[in-house]
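In: Below is the structure, and that's it, no one-letter string:
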């Protein structure tokens, strides 16, 4: 993987760059749709490639390991061939999913033992095995195995958690460097900065990871319950230390406002389930604010979904028609809403990139942030 930093905004830390992988280029800043089990929920590849123009999607190690399983993925030649997706893929290590199984997992220096949420079967993820799994999945960018502590963790828990994450990281790096990709194209590993909401721990983690000099770095353990202002503070602390010539990935974030503020702090890559999850529930993100499409006020509104006419679906469905689909429990409704929301997120980061290159990102961002959280 290669990263070229093309421009930094003159009035902020916002950056425009280009990531090059063996499966294609990614222009940053970028939002990555979440395809947990090898599918962005409810959306086919034609829509992802054309209407949404997703440059990269995510898969999840934990879920893909359980279903369809490693034998199927390896026999298919990896997730790209299995899912017929020919653009870049990033895989989360599964750490967040394992650790969310609070009652069904145990953490030690050796790794994480857990029971499947599907059938209760027992499994063990060591750092080495997680790297091997991601080699088999075949993602272009793979993540180190880490613990994601809750946002309200006390300092002592967060410190011990960071110690464990760094111990696992060393083993992940050793396993990655001693193995080869399986399918004839390159793979890259990103370490993950943890440290909860404690600046000293975040600095320690960022300095440790910066010294490893990998091709890219991630910031994890945020947007897990802490106030947004604290999240921004931690990102700022970390980005002062992480190398400027490597891409920075803020994991699991977030709302359109979160993304713009993260870009202003020097983040290059984002992912979140919010566009599709909220879309399935009738919440639409637009250039003027948020719409609850189930509301009665849209019953006879025949205008396009976005107040400014932005359209990310083949046909310009009206608000009234989309509301009718939701009220009628027609499955096309959540699908249209999900496509619209993902299209909007990708439009937003594309616009951010344009304004970074024009050196007027801050003024544009401040104007947009005021609109994005408004309820229409």
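Out: Yes, it's here. It should be emphasised that the depicted structure is a prediction, and the values quoted were computed from it without experimental measurement.
In: Report how many residues lie close to the residue lying closest to residue 295 once chain neighbours are set aside.
Out: Nearest residue to residue 295, sequence neighbours excluded (CB to CB, 6 or more residues apart in numbering): residue 323, at 7.7 Å. For every residue, glycine as well, the C-beta is placed using N, CA and C. By other CB atoms under 10 Å, 23 other residues sit near residue 323.
In: residues in contact with residue 323?
Out: 293-295, 298-299 (CB atoms under 8 Å, 6 or more residues apart in numbering).
In: Between those residues, which sits nearest residue 118?
Out: Ranked by distance to residue 118 (CB to CB), those are led by residue 294 at 31.6 Å.
In: Name the helix or strand for that closest one, please.
Out: Under DSSP states H and E, no helix or strand contains residue 294.
In: beta partners of the residue lying closest to residue 1 once chain neighbours are set aside?
Out: Closest residue to residue 1 apart from its sequence neighbours, by CB to CB, 6+ apart: residue 188 at 4.0 Å. Beta-bridge pairing of residue 188 under DSSP bridges involves residue 141.
In: contacting residues around residue 188?
Out: With CB under 8 Å, 6+ apart, residue 188 has these contacts: 1, 21, 140-142, 214-216.
In: quick one on the thing from earlier: buried subset of the contacts of residue 323?
Out: 293, 298 (16 or more other CB atoms under 10 Å).
In: where along this structure do the helices fall?
Out: 45-49, 61-66, 70-76, 79-83, 95-100, 127-137, 155-177, 199-212, 228-239, 256-264, 274-280, 319-327, 332-357, 361-372 (DSSP state H).
In: what about the stretch 201-350 of the chain, any weak spots by pLDDT?
Out: The model of the stretch 201-350 of the chain has pLDDT under 70 over residues 314-315.
In: repeat that with 80
Out: By pLDDT under 80, the low-scoring segments of the stretch 201-350 of the chain are 314-316.
In: in stretch 79-99, what's buried?
Out: Residues of stretch 79-99 classed as buried: 79-80, 82-83, 85, 87-99 (neighbour count, 16+ other CB under 10 Å).
In: Sorry, slip of the keys, the one I care about is stretch 44-54.
Out: For stretch 44-54, by 16+ other CB under 10 Å, it's 45, 47-48, 51-52, 54.
In: likewise stretch 295-305?
Out: Going by 16+ other CB under 10 Å, stretch 295-305 has these buried residues: 298, 301, 304-305.
In: give me the number of residues near the spatially closest residue to residue 195 that is not a sequence neighbour?
Out: In space, and not counting its chain neighbours, residue 195 is closest to residue 201: 3.4 Å by CB to CB, 6+ apart. Counted with other CB under 10 Å, residues neighbouring residue 201 total 23.
In: try the one 3 residues further on
Out: The burial count assigned to residue 204 is 18, neighbours taken as other CB under 10 Å.
In: from what I can see it touches residue 193, true?
Out: No. Judged on CB atoms under 8 Å, residue 204 makes no contact with residue 193 at a distance of 9.5 Å.
In: Relative to residue 271, which of the buried residues of stretch 295-305 is nearest.
Out: residue 305 (23.1 Å).
In: For that closest one, list the residues it contacts.
Out: Residue 305 touches 284, 286, 291, 311, 316-319, 322, 340, counting by CB under 8 Å, 6+ apart.
In: Residue 309 too?
Out: No contacts exist for residue 309 under CB under 8 Å, 6+ apart.
In: Could I get the phi/psi values of it?
Out: Per-residue torsions, residue 309: phi 80, psi 10 (degrees, to the nearest 10).
In: So it versus residue 348, what's the distance?
Out: 16 Å (CB to CB, to the nearest Å).
In: that older thread, how near is the residue nearest to residue 295 to residue 311?
Out: Note on residue 323: its distance to residue 311, by CB to CB, is 17 Å.
In: wait, doesn't residue 342 sit right on residue 277?
Out: No. Residue 342 is beyond contact range of residue 277, at 11.2 Å (criterion: CB under 8 Å).
In: Comparing those two, which shows the higher neighbour count?
Out: The residue with more neighbours, out of residue 342 and residue 277, is residue 342; 26 against 15, by other CB under 10 Å.
In: Tell me the spatial nearest neighbour of residue 57, not counting adjacent residues.
Out: That would be residue 35: by CB to CB, 6+ apart, it lies 4.5 Å from residue 57.
In: OK, contacts around that neighbour?
Out: So residue 35 contacts 41, 57-59, 83 (CB under 8 Å, 6+ apart).
In: Narrow those residues to those in strands?
Out: 57-59 (DSSP state E).
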